[in-house]
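Q: mind looking at a prediction? Sequence and model below.
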Amino acid sequence: MFTWIYGLPIWLVFVIITGVPVLLTCAGIVLARPTVLRIFGPEPGNNDTVIMVLTVGGVFYGLLLGLIAAATYESNDHAQSLIADEAAAVGTLYREVAAYPEPQRTVLQNDLVAYTDDVLTVVFPKLRVGEEPYGGTALVTRFQQDLLAFQPATPAEEIVHAATIEQFARFDSDRRHRINASQGGIPDVLWWVILVGAAINLVLLCLFSLQRGAHLLLGGLFAFFLGTMLFLIAALDYPFRGELSVSPQPFQSMYANVMGR
């Protein structure tokens with residue numbers, strides 16, 4: 001739902017998502033003040049009743065936000081683990097094919113170097129802007145074809161070849177998990193529940209009978225905190241998008257330390 005934010009600088013996203021609730025709350029307090037004083041009476045009015053409703057609703061809404069924020073962070077952390085697993089699998093494959101005779105060794109290692117280079121220069125930049133790259137599949141298919149074309153000539157080569165095929169299957173599985181994780185996100189219906197809950201809490205803030213300055217200060221602070229929670233959830237919703245996306249550092253490290261590039 002908030003995929004448009006990933007094309008903006010992160011500081012601007014923070015200002016928008018936290019600023020809108022603050023502005024709406026302050027405007028609501030000022031505009032609704034005559035009506036609130038007429039219905040709920042002058043300070044302290046019926047603040048006890050409003051506090052009771054806000055407390056009950058706030059507990060459930062706060063619990064919802066907390067669970068969703070924890071889930072998005074866990075999803076982000078899981079995505080980073082998937083990248084580390086895939087990079088480790090590629091690095092292990094690169095070392096295993098080093099035991100192959102020439103020219104298969106060079107062919108297979110060059111295939112893995114090309115795949116890693118594609119991940120770093122094409123896949124991650126496109127994922128950050130919400131595009132789905134497909135070139136990596138062709139590179140994986142090419143490596144698989146070159147690998148299966150090799151015919152072991154000795155028992156030692158048969159052992160190495162069997163281990164390499166098993167490692168390739170592990171790598172392909174890790175890659176699929178990473179691709180699937182890049183397509184996840186909070187469902188729109190859940191976002192609507194979050195936004196409706198936020199709007200209800202902000203409306204309740206406007207119903208207090210307080211001195212105007214204190215009302216604006218307390219309402220603004222509450223709205224700002226609510227906005228920061230929404231910003232956190234939105235920023236981490238898609239772990240491969242935006243400036244706060246997961247890092248390709250495991251691939252960079254493997255590219256330099258294992259492949260020597």
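A: Ah, there it is.
Q: all strands of the stretch 151-261 of the chain, in order?
A: Along the stretch 151-261 of the chain, no segments are classed as strands by DSSP state E, counting those that start in this stretch.
Q: what segments of it are helices?
A: With DSSP state H, counting those that start in this stretch, the ranges of helices along the stretch 151-261 of the chain come out as 155-181, 188-206, 212-237, 249-257.
Q: most tightly packed of the ones you listed?
A: Scoring the helices of the stretch 151-261 of the chain by mean neighbour count under mean count of other CB atoms under 10 Å gives helix 212-237 as the most buried, with a mean of 18. Glycine gets a C-beta too; all of them are placed from N, C-alpha and C.
Q: who are the packing partners of that helix?
A: Secondary structure elements in contact with helix 212-237, counted by 3 or more CB pairs under 8 Å, 6 or more residues apart in numbering; DSSP states H and E, are helix 10-40, helix 47-97, helix 188-206.
Q: TSV for those helices, including distance to G227 and mean pLDDT?
A: Compiled in TSV, these are given as follows (distance: least, CB to CB, whole Å; pLDDT from 0 to 100):
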stretch	distance to G227	mean pLDDT
helix 10-40	3	89
helix 47-97	11	88
helix 188-206	9	90
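Q: what's the closest of the helices of the stretch 151-261 of the chain to R128?
A: Closest approach to R128 among the helices of the stretch 151-261 of the chain (CB to CB): helix 212-237, 12.9 Å.
Q: can you pull the contacts of the nearest residue to P250 once chain neighbours are set aside?
A: Distances taken as CB to CB, 6 or more residues apart in numbering place A87 nearest to P250, at 3.7 Å, with adjacent residues excluded. Contacts for A87 (CB atoms under 8 Å, 6 or more residues apart in numbering) come out as 250-251, 253-254.
Q: arrange those residues in a markdown table, one row each, with pLDDT as further columns.
A: As requested, the contacts of A87 are exported to a markdown table (pLDDT from 0 to 100):
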| residue | pLDDT |
| --- | --- |
| P250 | 93 |
| F251 | 93 |
| S253 | 93 |
| M254 | 92 |
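Q: of those, which pair is most distant in space?
A: With distance counted by CB to CB, no two of these lie farther apart than F251 and S253, which are 7.3 Å apart.
Q: quickly find the element holding E102.
A: Take DSSP states H and E as the rule and E102 turns out to sit in neither a helix nor a strand.
Q: what does the one 10 residues further on give?
A: Assigning secondary structure by DSSP H and E places L112 in helix 104-118.
Q: any chance you could list what contacts that helix?
A: Counting contacts by CB under 8 Å, 6+ apart, the residues outside helix 104-118 that touch it are 90, 93-94, 97-100, 133, 135-136, 139-140, 142-143, 146-147, 150, 251, 254-255, 259, 261.
Q: what of stretch 230-247?
A: The list of residues contacting stretch 230-247 from outside it, by CB under 8 Å, 6+ apart, reads 2-3, 5-6, 9-10, 13-14, 17-18, 21, 65, 68-69, 72-73, 75-76, 79-80, 83, 124, 127-130, 181-182, 184-186, 194, 198.
Q: out of the residues you listed, which end up buried?
A: The neighbour-count test (16 or more other CB atoms under 10 Å) marks 2, 5-6, 13-14, 17-18, 21, 65, 68, 72, 75-76, 79-80, 83, 124, 127-128, 181-182, 185-186, 194, 198 as buried among the contacts of stretch 230-247.
Q: R175 is nearest to which of the helices and strands packed on helix 212-237?
A: Taking CB to CB as the criterion, R175 comes closest to helix 47-97 out of the helices and strands packed on helix 212-237, the separation being 5.5 Å.
Q: run the angle between the closest one and helix 104-118 for me.
A: 160 degrees (axes from the mean of the first three to the mean of the last three CA atoms, to 10 degrees).
Q: compute the inter-axis angle for helix 47-97 and helix 249-257.
A: Computed by the same axes, to 10 degrees, the angle between helix 47-97 and helix 249-257 is 20 degrees.
Q: next up, phi/psi of M259, please.
A: The phi and psi values for M259, taken as degrees, to the nearest 10, are phi -90, psi -20.
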